[in-house]
Each structure stands twice: as C-alpha cells, then as structure tokens.
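# coords below, sequence missing:
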C-alpha cells in the first residue's frame, strides 16, 4: 500500500455527481491499482465493491459452464463496474475482468447503494449511465449474433481504444478471441486482413492502431449506436472519454491498494476463460 502525492485523472461519472455528494464520496472511496487479468467479481455473486476506472479498462463478460465467455461491454473512465449494487438486488449479472492494467476508485457496494437512495440526483445520474451501459450490452449481443468477425473486431478495437491513452494495446489473439466468443483462427485471419489494409500492426501480443478512421469505416453500425448512447451522457462535452483532459482530485488522495489476480482467487487465461487460482 502506498500513497500518491500527485494529482490523478478522474473518473467522469464521479465528476458528474452533484456537489452535495462529493464529500460523502471522497470519504468512502480508495484508489486501487488493478492488474490485467484480475477478476473483480463473478456473475451471480453478491457485490462487495464497485469500481470507477480511471486509467484501467474493465471487460464485463458472460461465462458458460464449459469455461467459454464473451465480452458484453467494456468500462473505462466514463463509468463504473458494478451497477447492480444500487439497483436493489446487489448481485452481479456479469463478471468483471480487468482488461488493461491501471487505476480505479473502489467504493463499498453498500455505500453507493445508500448514497443513491439518499441523494436523488446521484441516483438519476447513475441510472442515466446504466441506461447507456444496457444499450452497450444489448448492441454487443446483437453484434455477436449478426455481424461478421472483421467488423466485430474493428468495433472491439475502437471501444477499447476510446478508453485508453495512446494507440497501442498489449493483447493476444487468444484474449481477443475469448472476448468475442470466437475461434482464435478467425481472429488471426481478421487481424491479418486489417494489417494488409494498413489499419493496424500486430506482432506477438502487441497491437498498434495505425488508421483509426479506417477502422471506423470498416466497423459495423454497432460502434456508432453505443457511442451515441454515451454521447447523450456527456451532454455534448468534447473529447470524451478517449481524450478527456486530466483533472486533479478535489481533496487529499486516499492510499492506493494494488489488486492482484490471486487476491480474488481467480486467474483469467488469454483465451478469456477463468479457473480457481
């Protein structure tokens, strides 16, 4: 555990909450470091915490009994992982896996439920985000069912690119295949085609996007549908979430805690499968 003494970029959903909630939130959250592959929670379990990503990127995944899974949404600094905590049941509908290492604000699930219950503007903002997230999940499901792999891959790359700084990703084809719920050979073929067209460069788990506009042109309409849902949240603010300005925190920063895959008893393979560590 260590304390950060410099300002950090903030989570935009937290920043959008009304001033009267700021002091309460600041007292209840802590900054944590998340390692790639960490399972934050599993579907069907009672949520203990919710996570507001700052630089981390979290995949929400649905898993099957045979270990296969598919990503249903991705969460970055625009939102939070664990929306069921304030919706009554408190049980996760999907699993949450850290896709890109980084930092996040962590808050006890009970605290955010209490805050949403007691401060109506907080609940309204959380529900607005949840509506956009559910649009994301529904559109992703339709995309998996009806669109060919190459446009799906473009959508996936763009959605993750939007939630990070820079145009490079460290991700294996096995992991992409696991997130899309397809065979690795299919991802290999689609990635090679995008590389031939000069849109990406891929080598040994290192992917760089060379032509973002080209990816958008080769993407299915699902990316635009989801982007418009989140655009309604930001109320026309420019450069969100991908190029959002770095903002300092409003008060003294709490200690940072590093979370490892073993701390939650789950390890996630590159194929997107999980097993007890």
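Happy to help now that I have it. This is a predicted model, so every value here is computed, not measured.
# verify the contact between residue 157 and residue 218 for me.
No - if you go by Cβ atoms under 8 Å, residue 157 and residue 218 don't touch, sitting 10.1 Å apart. C-beta: built from backbone N, CA, C; applies to glycine.
# so if I had to pick from those two, which one is more boxed in?
A side-by-side neighbour count of residue 157 and residue 218, using other Cβ atoms under 10 Å, places residue 157 first with 24 against 18.
# quick check: beta-bridge partners of the residue most central in space within the chain?
In the chain, the centroid-proximal residue (Cα atoms, centre = their mean) is residue 75; its distance is 2.0 Å. Beta-bridge pairing for residue 75 (DSSP bridges): residue 58.
# make 679 the starting number, not 1.
I'll keep to 679 as the first residue from here, and by that count the last item is residue 753.
# am I right that it is in contact with residue 736?
Yes - counting by Cβ under 8 Å, residue 753 does reach residue 736; the two are 4.6 Å apart.
# now do the residue nearest to the centre of the chain against residue 761, distance only.
Using Cβ to Cβ, to the nearest Å, one gets 9 Å for the distance from residue 753 to residue 761.
# list residues touching both of the two?
Common neighbours of residue 753 and residue 761 (criterion: Cβ atoms under 8 Å, 6 or more residues apart in numbering): residue 811.
# could you list the buried residues of the longest helix seen in the chain?
In the chain, with assignment by DSSP state H, the single longest helix is helix 798-824. Neighbour-count burial for helix 798-824, counted by 16 or more other Cβ atoms under 10 Å, picks out 800-801, 803-804, 807-808, 810-811, 813-818, 821-822.
# check stretch 700-715 too.
Under 16+ other Cβ under 10 Å, the buried positions of stretch 700-715 are 702, 703, 704, 706, 707, 708, 709, 710, 711, 712, 714, 715.
# list just the nearest of these to residue 872.
For those, the minimum distance to residue 872 (Cβ to Cβ) is 22.7 Å, reached by residue 714.
# my guess is that closest one contacts residue 737. True?
No - contact criterion Cβ under 8 Å: residue 714 and residue 737 do not qualify, at 10.3 Å.
# between the two, what contacts are shared?
The contact sets of residue 714 and residue 737 overlap at 776, 777 (Cβ under 8 Å, 6+ apart).
# residue ranges for the strands of the stretch 679-828 of the chain, please.
Secondary structure of the stretch 679-828 of the chain (DSSP state E, counting those that start in this stretch): strands at 680-681, 708-712, 717-719, 727-731, 735-741, 747-753, 773-778, 780-786.
# okay, and the common contacts of residue 753 and residue 736?
Shared contacts of residue 753 and residue 736 (Cβ under 8 Å, 6+ apart): 759, 774.
# quick revisit: just give me the closest of the buried residues of helix 798-824 to residue 875.
Comparing the buried residues of helix 798-824 against residue 875 with Cβ to Cβ places residue 821 closest, at 20.6 Å.
# thinking that closest one is in contact with residue 902, fair?
No - contact criterion Cβ under 8 Å: residue 821 and residue 902 do not qualify, at 11.5 Å.
# need the per-residue pLDDT for the residue of the chain most remote from its centre.
Residue farthest from the centre of the chain, counting by Cα atoms, centre = their mean, is residue 874 at 28.9 Å. Here, the pLDDT recorded for residue 874 equals 95.
# look up how far residue 827 lies from it.
Using Cβ to Cβ, one obtains 15 Å as the distance from residue 874 to residue 827.
# do residue 689 as well
32 Å.
# so which of those two has more stuff around it?
Each of residue 689 and residue 827 has its neighbours counted (other Cβ under 10 Å); residue 689 has more, 25 against 17.
# the nearest residue to that one once chain neighbours are set aside: neighbour count?
Once flanking residues are discounted, residue 689 sits nearest to residue 730: 3.9 Å by Cβ to Cβ, 6 or more residues apart in numbering. Around residue 730 sit 27 other residues, with neighbours defined as other Cβ under 10 Å.
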